[in-house]
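Asks: sequence and predicted structure, then a few things I'm wondering about:
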Amino acid sequence: MATQPSEECKNAGAPKPSTYSPKGKFLKLGDLSVYQIGSGKKVVILIYDIFGWNDVNKNVFEFADDLSGLGACTVLMPDFYRGEAWPIDQFPPSSDLQQTAFNTWRKGVAAEVVVRKDLYEKVLPHLHKSKLNDIGVVGFCWGGYQSFLMGADGERFKAVASVHGAWIDDKLCGALQVPVYYAPAKGDTDVKVVKKVLDAKPFGKQCRYDAFADQEHGFCAARGDWKNTATKKAKEKVLKELCDFFNKNLK
């Protein structure tokens, strides 16, 4: 398990200030807060980046709302960190003390076992109770890594997407069992690494790739300055491609 931010993540800096009023509703599944929007039969679970739900940048909520509206699907975004996202004013962790603290946070609050436990024991039962069984996952940065981990479970998930995902490598790709949408930003793992592995899979032709080499890591989430015309256009392209991808594979 990687315990430090990738170089691309660190170079992208802290979140860009933005304001947005979420249109969905906030639920409690036990001790887990969940943001939910939409009423479509197809479901996309959105996994945020290391900044989680924060007061500086609301891009993840706007992205969730737009994905639901454009894709006519239900979108859920759990707060896996339970209000303990990595502090914005301490990113990137620079001192030895901050790096040690980040390691501890990554292995505890942001550990893979937390995500899997929350999804399997809280989120999926919530969806199945409403007879929602066509489920995919999309994640950003840390979340893009988590989405690929979920993609190794072809029984519970039908498709996954990683947008400027962190720590993506051929070993992670080798375990995937479902179609993938992969969209790296500048400095992220090259499409060729992922495609080489997935082309050999039975679902290889269902995968989709688009590289955004002119965009900073995080442009679809907290680091995205959507007032910038080029960045907004790139984000909207990702949204359209995600909608097409999930509509074809969640059935």
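Replies: Received the coordinates, thanks.

Asks: Gly165 contacts Cys141, correct?
Replies: Yes. Between Gly165 and Cys141 a contact is recorded at 6.6 Å, counting by CB atoms under 8 Å. Just so you know, the C-beta spots here come from the backbone N, C-alpha and C atoms, and that holds for glycine as well.

Asks: so where's the longest helix in the chain?
Replies: Of all the segments of type helix in the chain, defined by DSSP state H, the longest one is helix 229-249.

Asks: elements contacting it?
Replies: strand 42-47, helix 59-71, strand 134-141, strand 159-165, strand 180-183, strand 208-209 (3 or more CB pairs under 8 Å, 6 or more residues apart in numbering; DSSP states H and E).

Asks: compare these and give me the one nearest Gln90.
Replies: Between Gln90 and those, the shortest separation by CB to CB is 16.2 Å, and it involves strand 134-141.

Asks: circling back: ranking the helices and strands packed on helix 229-249 by burial, who's on top?
Replies: strand 159-165 (a mean of 31; mean count of other CB atoms under 10 Å).

Asks: what lines up beside that strand in the sheet?
Replies: Paired neighbours of strand 159-165 in the sheet (DSSP bridges): strand 134-141 (parallel), strand 180-183 (parallel).

Asks: between these, which one is nearest to Val191?
Replies: With CB to CB as the criterion, Val191 lies closest to strand 180-183 of the strands paired with strand 159-165, at 6.5 Å.

Asks: report the separation between Lys196 and Thr189.
Replies: Here the distance between Lys196 and Thr189 works out to 11 Å (CB to CB, to the nearest Å).
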